[in-house]
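**Student:** Here is a sequence together with a model predicted from it:
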Amino acid sequence: MTQDNAALSAEDPAFQERFTAALERAAGAPRLLVALDFDGTLAHFTTDIAASRAVPRAEEALQRLARLDDTWVGVISGRTMDFLHSAVDPDHRMLLSGSHGGEYDLSVLGDGAASSGIELDTDQAGLLQKAQEATAAMVERYPGSTAELKPAGVAFHTRTMHRPELSDEALAAMLSAYSGMEGLRITPGSMVMECSVLTSDKGEAVAALVEAVEPDVTIFAGDDVTDEHGLEVLREDDLGIKVGPKDTVAPFRVADPDAMGEVLLQLAALRENHLGGG
Ligand SMILES: O=P(O)(O)OC[C@H]1O[C@H](O[C@H]2O[C@H](CO)[C@@H](O)[C@H](O)[C@H]2O)[C@H](O)[C@@H](O)[C@@H]1O
């Protein structure tokens, strides 16, 4: 499938009927996996990276879904596993993948479920060091920008730049610097340029959760370019949802994390009803 803007959104007359039918079908699946990106999908963008949290409706819906039988909630993010544990799933009810598919905590599945952290070899560690140095130099050059250090990568953020009109220039300069370092995987995002010494992506992460859960239906929702990898691996009976305006292969689109929260509440109610718990 090619990317386009043909996803049905709420303004389309056919949206409500077709989207509700898709949600109802998903809610009736014997085994259901609900996997979600975090920033821009569950949480609005903010200038305080550490303080970012899922919108209240999404938070409530995820907690309700995660308590249900034969229902698994996954969060697949570029964030670190430490952040996901502390800010997204402190009660350890969810499947987590951090660092764009680089690390996993599947312990909610019980005995034998694989969880893997990040261990870098000497070459990777050297490359990461160089990328961190290049990012620090860029932060010096563009006051107010920041570097977010991760176990296998680094993110150069421009949302807090003192001269926001230079954001595109700064991101392009960072992209150019990373591009000169062989072996780095570069992922542009919303006012961020990230790089990693790992090759993983969110397509791998969705596939790993599907392999672990063996769901009849998988839902995956995401807002950014990196989430397209996850949307692309969905099967015919699955449900892909784009959050926001970017191009997508997903058949459905919602406006923002608040709208996504509403969808998740609707799904939770349908699933509870289907399982007889609501
Ligand atoms: O895969 P995601 O869950 O979408 O995470 C992608 C990156 O998101 C974060 O940055 C974005 O959100 C910040 C907080 O709202 C915002 O300040 C920044 O401008 C956004 O790009 C996060 O900081 C990165 O580590 C994630 O990889």
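**Tutor:** Looks like it came in fine.
**Student:** what's the helix or strand for the residue in the stretch 1-150 of the chain that the ligand sits nearest to?
**Tutor:** Closest residue of the stretch 1-150 of the chain to the ligand, CB to the nearest ligand atom: G78 (2.4 Å). Bear in mind the C-beta positions are built from the backbone N, C-alpha and C, glycine included. Following DSSP states H and E, there is no helix or strand that holds G78.
**Student:** Quick check: it touching G102?
**Tutor:** No. Contact criterion CB atoms under 8 Å: G78 and G102 do not qualify, at 9.2 Å.
**Student:** hang on, the earlier thing: find the nearest non-adjacent residue to the residue of the stretch 1-150 of the chain closest to the ligand, please.
**Tutor:** Leaving aside its sequence neighbours, G78 sits nearest to H100 (CB to CB, 6 or more residues apart in numbering; 4.8 Å).
**Student:** Now do the contacts for the one you found.
**Tutor:** Shown in contact with H100 (CB atoms under 8 Å, 6 or more residues apart in numbering): 77-78, 153, 185, 187, 194, 196, 198, 200-202, 205, 226.
**Student:** Please repeat the previous calculation with a cut-off of 6 Å.
**Tutor:** By CB atoms under 6 Å, 6 or more residues apart in numbering, H100 lies in contact with G78, S200, D201.
**Student:** Leaving out chain neighbours, which residue sits closest to the second one?
**Tutor:** It refers to S200. Computed as CB to CB, 6+ apart, the closest residue to S200 that is not its neighbour in sequence is G101, at 3.5 Å.
**Student:** Compute the number of surrounding residues for that neighbour.
**Tutor:** 25 (other CB atoms under 10 Å).
**Student:** cool, P245 as well?
**Tutor:** So P245, with other CB under 10 Å, has 13 neighbours.
**Student:** For it, identify the helix or strand it belongs to.
**Tutor:** For P245, there is no host helix or strand (DSSP H and E).
**Student:** Mind checking what secondary structure G203 has?
**Tutor:** Secondary structure for G203, judged by DSSP: H, G, I helix; E, B strand; the rest coil, is helix.
**Student:** Skipping adjacent residues, who's closest to it in space?
**Tutor:** Nearest non-adjacent residue to G203 (CB to CB, 6+ apart): H229, at 3.5 Å.
**Student:** wait, what's in contact with that neighbour?
**Tutor:** H229 makes contact with D201, K202, G203 under the criterion CB under 6 Å, 6+ apart.
**Student:** Work out for me the element it sits within.
**Tutor:** Element membership for H229 (DSSP H and E) is helix 227-232.
**Student:** That helix and the ligand, any residue contact?
**Tutor:** No. Figure legend: helix 227-232 not in contact with the ligand (CB under 6 Å from any ligand atom); closest approach 7.0 Å.
**Student:** quick one: the helices in the stretch 101-250 of the chain?
**Tutor:** Under the criterion DSSP state H, counting those that start in this stretch, the stretch 101-250 of the chain contains helices at 122-141, 167-179, 202-213, 227-232.
**Student:** Kindly report the residues of the stretch 151-278 of the chain close to the ligand.
**Tutor:** A155, H157, R159, G189, S190, M191, V192, E194, D224.
**Student:** Now which of those would you call buried?
**Tutor:** Neighbour counting with 16 or more other CB atoms under 10 Å marks A155, H157, R159, G189, M191, V192, E194, D224 as buried within those.
**Student:** Kindly reformat these as TSV containing distance to A66.
**Tutor:** As requested, these are exported to TSV (distance: CB to CB, whole Å):
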residue	distance to A66
A155	28
H157	30
R159	30
G189	26
M191	30
V192	28
E194	28
D224	24
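**Student:** Take those residues and keep only those in strands.
**Tutor:** Using DSSP state E, the subset of these located in strands is A155, H157, G189, V192, E194.
**Student:** So which of these is the closest to the ligand?
**Tutor:** Closest to the ligand, out of all of those and judged by CB to the nearest ligand atom, is V192, at 3.5 Å.
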